[in-house]
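[1] here you go, sequence then predicted model.
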Amino acid sequence: MTNFRVVTVTLNPALDMTGGMTELKAGTVNLIQSSNLNPGGKGINVAKVLAELGAEVTVTGFLGDENQDPFAHLFEQKGIHDAFIRVVGASRINVKLVEESGRVTDLNFPGVAVSEEDVQQLERSLKTLAETHDVFVIAGSLPSGISPEKLASWISTLREQGKKVFFDSSNAALAAGLKAAPWLVKPNDEELSQWAGEHLSNESELLEAGKTLSQTGIDNVVISRGSEGVLWLKDGVWFASQPPKIKVVSTVGAGDTLVAGMCWAELNQWDRETSLRFATALSALAVTQVNVGVEDIAQLEALQHQVNVKQIKDR
Ligand SMILES: Nc1ncnc2c1ncn2[C@@H]1O[C@H](COP(=O)(O)OP(=O)(O)OP(=O)(O)O)[C@@H](O)[C@H]1O
Ligand SMILES: O=P(O)(O)OC[C@@]1(O)O[C@H](CO)[C@@H](O)[C@@H]1O
């Protein structure tokens with residue numbers, strides 16, 4: 001029987017303060033016209049979407065004990081099991097400035113530092129969760145106190161236990177995590193360029209770099225390209241998707257929603273075309289709203305019909 005249980009790991013959660021404005025002018029006073037404060041962080045966003053789709057989700061990572069209430073409230077509201085380690089201090093507040101054009105400026109803060117004792121608690125939590133779960137999503141940046149090598153060691157351990165690890169991060173954490181051969185990775189085109197050490201400016205360069213990445217032992221390379229859709233390499237075969245043209249409200253969490261969609265598709269054992277169509281439509285829907293989540297199931301159905309999916313031949 002299919003098991004719909006997932007653990008998401010967010011080592012550096014954030015309260016996302018989103019401000020809507022006409023146009024950002026750096027170095028001047030900018031007036032915000034609308035604002036929202038929502039619990040976020042990549043793994044938590046993935047968890048929220050998965051829970052709304054119907055998965056049984058457990059969340060872990062590190063949560064500051066001074067401002068944990070909005071997170072705890074979200075978990076309760078969505079029926080998400082809360083296995084977060086509480087650490088001394090406040091989780092960061094990240095500021096997202098969304099202009100009328102849809103352009104987003106992210107101000108991502110460093111986050112609360114974790115101690116060696118906190119790290120040991122998390123390792124115990126992962127060990128226990130691995131006894132009952134086969135799918136782990138590890139997403140987001142690292143707080144001070146966790147080295148990229150430590151993160152990579154967790155991915156390696158889970159992989160040695162036969163777990164499917166979905167991984168989405170950036171910078172040094174991404175580089176180290178990729179070496180541990182997660183089951184699925186989702187860099188965007190910029191992150192893949194960083195990994196490749198050169199600017200990848202077109203599809204064929206992305207395909208080439210994605211192929212090289214997969215040869216390091218990664219089963220699924222999923223490259224997100226914003227409005228240009230998704231490229232997905234598995235078993236040596238590429239699929240590409242193109243979402244319809246959409247009025248962008250906020251792109252915050254679009255990548256996390258794509259990861260959640262790919263994860264949900266895997267839990268359902270859907271074929272490749274169905275999986276990619278679903279995950280692309282889900283992430284395209286995410287950009288039509290400020291908050292992360294599946295707010296409009298009817299619109300999701302309609303969007304799936306408008307996503308173009310094709311296999312890329314001879315690659
Ligand atoms: N303007 C858009 N129109 C339609 N779909 C979009 C748009 N922007 C993003 N998407 C969908 O969301 C997916 C993920 O977006 P993107 O590539 O921007 O991820 P990301 O850079 O990881 O995002 P973030 O870090 O903001 O979560 C895209 O592959 C696409 O399917
Ligand atoms: O600093 P990180 O962990 O890389 O990214 C954090 C973050 O930008 O990611 C989510 C959107 O993907 C937001 O909820 C959150 O603020």
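    Noted; the coordinates are in hand. Ligands and ions are numbered 1, 2, ... in the order given.

[2] next one: stretch 133-148, is it in contact with ligand 2?
    Yes: applying Cβ under 6 Å from any ligand atom, one finds stretch 133-148 touching ligand 2 at 140-141. Yep, even glycine has a C-beta here, placed from its N, CA and C like the rest.

[3] tell me which residues of the lowest-mean-pLDDT helix or strand in the chain come out buried.
    Taking mean pLDDT, DSSP states H and E as the measure, the chain has helix 297-306 as its least confident helix or strand, at a mean of 93. For helix 297-306, burial by neighbour count (16 or more other Cβ atoms under 10 Å) applies to 300, 303-304.

[4] equivalent analysis for stretch 191-199, please.
    Quick answer for stretch 191-199 (16+ other Cβ under 10 Å): 191-196.

[5] mind checking if that stretch is in reach of ligand 2?
    No: contact of stretch 191-199 with ligand 2 (Cβ under 6 Å from any ligand atom) is absent, the minimum separation being 10.1 Å.

[6] before we move on, the earlier item: after the least confident helix or strand of the chain, next one along is what?
    Downstream of helix 297-306, the next assigned helix or strand under DSSP states H and E is strand 308-312.

[7] give the pairing partners of that next one; include direction for each.
    The strands beside strand 308-312 in its sheet (DSSP bridges) come out as strand 237-242 (antiparallel).

[8] so which other helices or strands are in contact with the helix or strand that the strand it pairs with is followed by?
    Downstream of strand 237-242, the first helix or strand assigned by DSSP H and E is helix 254-267. Judged by 3 or more Cβ pairs under 8 Å, 6 or more residues apart in numbering; DSSP states H and E, helix 254-267 is in contact with helix 42-53, strand 135-139, strand 164-168, strand 220-224, helix 272-286.

[9] now helix 254-267 - C-alpha only, CSV.
    The C-alpha trace of helix 254-267 is given here as CSV (Å, rounded to 0.1, in the frame of the first residue of the first chain):
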residue,chain,number,x,y,z
ALA,A,254,7.1,28.8,-6.0
GLY,A,255,10.2,26.6,-5.8
ASP,A,256,9.0,25.0,-2.6
THR,A,257,5.6,24.3,-4.1
LEU,A,258,7.3,22.7,-7.1
VAL,A,259,9.2,20.4,-4.7
ALA,A,260,6.0,19.6,-2.8
GLY,A,261,4.3,18.8,-6.1
MET,A,262,7.2,16.5,-7.2
CYS,A,263,7.0,14.8,-3.8
TRP,A,264,3.3,14.3,-3.9
ALA,A,265,3.6,12.9,-7.4
GLU,A,266,6.2,10.4,-6.2
LEU,A,267,4.0,9.4,-3.2
